[in-house]
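structure for the following, please:
(2 chains)
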Amino acid sequence: MERKNQMRLSFPSKSVNEGLARVTVAAFAAQIDPPLSELNELRTAVSEAVTNAIVHGYAETAGTVYITARFIKKNGVEVRICDKGCGIEDIQKAMEPLYTRDTTGERSGMGFTVMESFCDALKVTSVVGKGTKITLRKYFSAKD
Amino acid sequence: MQLSYNRDKNTMTVFLKGEIDHHSAKGVRDFIDLLVGDDEITELILDFGSVSFADSSAVGIVLGRYKLMNRKSGQVILQNLPEAVGRIFLLSGLDRLMKIV
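Sure, this is the predicted structure:
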């Protein structure tokens, strides 16, 4: 049975909203009854993308993070996380494992690697000075 | 994120409970750094048994504490990793730097 539904969420780029984003997208994806471990993978990927928007996209400023999600064939969900922040100059470099622009030594640079590992598809588009859009796609296994 | 600890001679065990993300990371870092600030602590054990969620911010926390303990010629041990947390840590190669039990 194909389910059609979608959601839209936006919030200020405050770190306290990272949990809100995770819970909302997970609650939405739960409508198609995915295995819990796979739902957790999606939750983690969303957390990485939202954190990137807050920490890097809006590093020097404050702004709004926009999330949309919809169900896709087959038994999948597509989540888009957008910001209107500083954008990424070199996307390929940014996606290298352990690469980070952070200088405090406290960020691992693993965000994109986690997104890639935990989702079936990852697309990043960005324009310097305009913002970044991350599209995640995850197809869930059918439960027994 | 709730934190508790237990000290046994030169070993400090920190028990993390709840969600570890970018938002809770600073509190976790500051708490641990305060505890191991004492030069006598040479072994830091991080217990993840009650962690309900972690993203790569947890990797950053662990790496930062590893560097700190390394400077003191100490070591970090990670224990009771839930499956999801273990995956992220292995993905990041933390098992090559420190013991995971």
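
do a quick rundown of the helices in chain B.
B:22-35, B:56-71, B:83-91 (DSSP state H).

buried residues, the first one. List them.
Under the neighbour-count criterion of 16 or more other C-beta atoms under 10 Å in any protein chain shown, helix B:22-35 has B:His22, B:His23, B:Ser24, B:Ala25, B:Val28, B:Arg29, B:Ile32, B:Leu35 buried. C-beta: built from backbone N, CA, C; applies to glycine.

what's the answer for the shortest one, then?
Neighbour-count burial for helix B:83-91, counted by 16+ other C-beta under 10 Å, picks out B:Ala84, B:Val85, B:Gly86, B:Arg87, B:Ile88, B:Phe89, B:Leu91.

circling back to that earlier point, nearest to A:Ser108, of the helices of chain B?
helix B:56-71 (3.9 Å; C-beta to C-beta).

flag the shaky bits of chain A, pLDDT-wise.
Scanning chain A for pLDDT under 70 picks out A:1-2, A:144.

A:Cys119: neighbouring residues, count only.
Look at A:Cys119: counted by other C-beta atoms under 10 Å in any protein chain shown, it has 24 neighbours.

among the buried residues of helix B:22-35, which are in reach of chain A?
With C-beta under 8 Å from any C-beta of the partner chain as the criterion, the buried residues of helix B:22-35 include B:His22, B:His23, B:Ala25, B:Arg29 near chain A.

just checking, the third one touches B:Ile61?
Yes: using C-beta atoms under 8 Å as the test, B:Ala25 is close enough to B:Ile61 to be in contact (5.6 Å).

anything in contact with each of those two?
A:Glu106 (C-beta atoms under 8 Å, 6 or more residues apart in numbering or on different chains).

any idea how far chain A is from B:Met43?
One thing to correct before we go on: residue B:43 is Glu, not Met. Separation of B:Glu43 from chain A (C-beta to the nearest C-beta, to the nearest Å): 22 Å.

contacts only, for the spatially closest residue to that residue that is not a sequence neighbour.
Leaving out its chain neighbours, the residue that sits closest to B:Glu43 by C-beta to C-beta, 6 or more residues apart in numbering or on different chains is B:Thr11, at 4.3 Å. Counting by C-beta under 8 Å, 6+ apart, B:Thr11 makes contact with B:Ile41, B:Thr42, B:Glu43, B:Leu44, B:Ile45.

need the max-distance pair from these.
Spanning the widest gap among the contacts of B:Thr11 are B:Thr42 and B:Ile45, at 11.4 Å by C-beta to C-beta.

tell me which of those two has more neighbours.
Shown here are B:Thr42 and B:Ile45; by other C-beta under 10 Å, B:Ile45 has more neighbours (20 against 15).

return the set of residues that bridge with the more buried one.
B:Thr13, B:Ile77 (DSSP bridges).

wait, it sits on B:Phe15?
No: if you go by C-beta under 8 Å, B:Ile45 and B:Phe15 don't touch, sitting 9.2 Å apart.

check what pLDDT the residue nearest to B:Glu43 gets.
Predicted confidence (pLDDT) for B:Thr11: 96.

now the one 5 residues further on
If you check B:Leu16, the pLDDT there is 97.

burial measure for it, as a count.
25.

skip the chain neighbours and tell me the closest residue to it.
Spatial nearest neighbour of B:Leu16, chain neighbours left out: B:Val51 (5.4 Å); criterion: C-beta to C-beta, 6+ apart.
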